[in-house]
Every structure is written in structure tokens, then in C-alpha cells.
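A.B. asks: turn this into a model:
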Amino acid sequence: MQMMSETVDLDGVDIAYRSFTPLGHANSNAAPVMLVHGMGGDSTTWDRFTRALTAQGSRVITVDLRGHGKSAHTSTYEFDSFGADLLALIDHLGLNEVDLVGHSLGGYAVSLVAQRRPELVRRLVLEELPIPIRPGDAPPTLTGKMPSITELWHAASSVVLHPRAVLAFDRSMTATALEQFRRPNPQWWESLADIAAPTLVLRGGPGGMVDQERLDAMVSEISNCRVEAFRTGHSVHRDGYSAFEATVLPFLTH
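C.D. replies: Numbers count the residues shown, from 1 in each chain. The predicted model follows:
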């Protein structure tokens, strides 16, 4: 495969991405696949899955979210800005159709794209999306000032497995991100019905961050949605790669 790396100015924010093109047997009818990492990661978390996708003839785009990897650190990390960056990159690349795969915070970002521009998204994969709280839900025990044990475990394992990504991560966003994950988000819930793409939701096992009650409510709002459960924790694509590929690759390539 051929790889191209670029950093582009999108509405005043430098966003880094890599584009991978198969050589010799590219599927001209396949939508490009955009892979989006979670908080504290970077685009390299998808390298193994990128090889599998390009072997099937798909073009792949991996993105560093703002505050991560080679992308710019910024003064704001409101969740809507992550989705807006992806939309700006899709428009910059001139894509008329795209498959989106997002892990954790990246799952939230790609869900925003599918809500705001449903005609762009052919397939949507949400891996271990910490589903926003609904209006009227009881507030969590922790208010966003401290991470949970699950979040601390995931962060610690990431330091060991992907130290470069963790060092590049703008840790100033942590408190803001946790607070946003733990407050009601009525607009996100109201916009779920706008998602038109067939949607695959991946839920981890022990150590995962998906609330079952909110998961059931989310699935009921998306017209074409199914859930696959795994035994691994929050990072299914990292810790249970074979099962991840066996589930997601057919969904994207058929």
C-alpha cells in the first residue's frame, strides 16, 4: 500500500491525518474508511486494521484528533469541535461518501458526523462509545473531577502500549472531557434518529465503559443498528483484535 501523511489547517486548527491507498487491486466502488482513535491515543492505534482493510482494496484515512498525535493543541476541547474537525477534513478531501469507525471519544466524534451529514456516511462503527447521559438521568457518583477505576486502568495500559501517543496528548483536556461525558446531552439524543447509515455498536466486557440502559435506548433511536459484545475491555480493537477484525471487516467490506 501507498501511504501519504499530511497536516492541514482546518478553520484555524492543524489536523494531521494519514491516507493509505492499496496498490494494484484497489476497489474503486468502496467508500474510503476513516478510523478515529479515542482520548489519549493517536492514529497509529489503527495500523493493524489499516493493513487488513487495504488488503481488501479499501482506501483508509486515519486521523489525529485535535490535542492528540501530530495535530494541534487548542484552547477548547468541547466535544462538538472534534466532530466539526472530522467534517472539515472530509470536505477538504472531497469525499462524497465515507465509512466511519470511532473508538471511545472518536466514537462520539463520528456519531456527530453521521447525525449532521447523514448522506455522507455509508457505514458507521461505534466502539465502546461512553454514551452521553440523557436528560433526567441521575447524575453519576463522580462529577467529572476524578476518573473512574476503569478509566485509570485504560490510561495506565495505554502508557505501556502506546507511550508516544500518551506523551503527545494534551492532558489539559482531561477534566473538560470527563465533565462532558458525565453531563446530560439532549441535542445528541435528539439527533440519533437522523443517523441513516447501518450502524454497528461494539461493547466491551469487564472494564468497558458502555452503560447498558443507555445503550438500549440509543439502539432504539437508530433505524438500522445492531450490537456486538466482546469479552475484552474498553479497547476492543487493541486487546481483542482478532475478534474485532472478524466482526468489523465484513461489515465494512460487504
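
A.B. asks: what is the least confident helix or strand in the protein?
C.D. replies: helix 149-161 (a mean of 46; mean pLDDT, DSSP states H and E).

A.B. asks: what's the first helix or strand after that helix?
C.D. replies: helix 163-168 (DSSP states H and E).

A.B. asks: show me what that next one packs onto, helices and strands only.
C.D. replies: Helices and strands touching helix 163-168, by 3 or more CB pairs under 8 Å, 6 or more residues apart in numbering; DSSP states H and E, are helix 149-161. Any C-beta I mention is one placed from the backbone N, CA and C, and that applies to glycine too.

A.B. asks: and Asp9, how far is that from Ser104?
C.D. replies: 26 Å (CB to CB, to the nearest Å).

A.B. asks: more neighbours, these two?
C.D. replies: Ser104 (23 against 11; other CB atoms under 10 Å).

A.B. asks: ok, now which ones touch the more buried one?
C.D. replies: 37-39, 127-130, 209, 234 (CB atoms under 8 Å, 6 or more residues apart in numbering).

A.B. asks: switch the cut-off to 6 Å
C.D. replies: Ser104 makes contact with 38, 128, according to CB atoms under 6 Å, 6 or more residues apart in numbering.

A.B. asks: can you check Glu245 too?
C.D. replies: Glu245 touches Ala52, counting by CB under 6 Å, 6+ apart.

A.B. asks: buried stuff in the host helix or strand of it?
C.D. replies: Here Glu245, judged by DSSP H and E, is contained in helix 241-253. Residues of helix 241-253 classed as buried by neighbour count (16 or more other CB atoms under 10 Å): 243-244, 247-249, 251-253.

A.B. asks: and for stretch 89-104?
C.D. replies: Going by 16+ other CB under 10 Å, stretch 89-104 has these buried residues: 89-90, 98-104.

A.B. asks: that one spans what distance, first to last residue?
C.D. replies: Using CA to CA, to the nearest Å, the end-to-end distance of stretch 89-104 comes out at 20 Å.

A.B. asks: work out the gap between it and the centre of the chain.
C.D. replies: Its chain's average C-alpha position is 11 Å from that of stretch 89-104, according to CA atoms, centre = their mean, to the nearest Å.

A.B. asks: strands of the stretch 1-150 of the chain, residue ranges please.
C.D. replies: Along the stretch 1-150 of the chain, the segments classed as strands by DSSP state E, counting those that start in this stretch run 2-10, 13-21, 33-36, 60-63, 98-103, 121-127.
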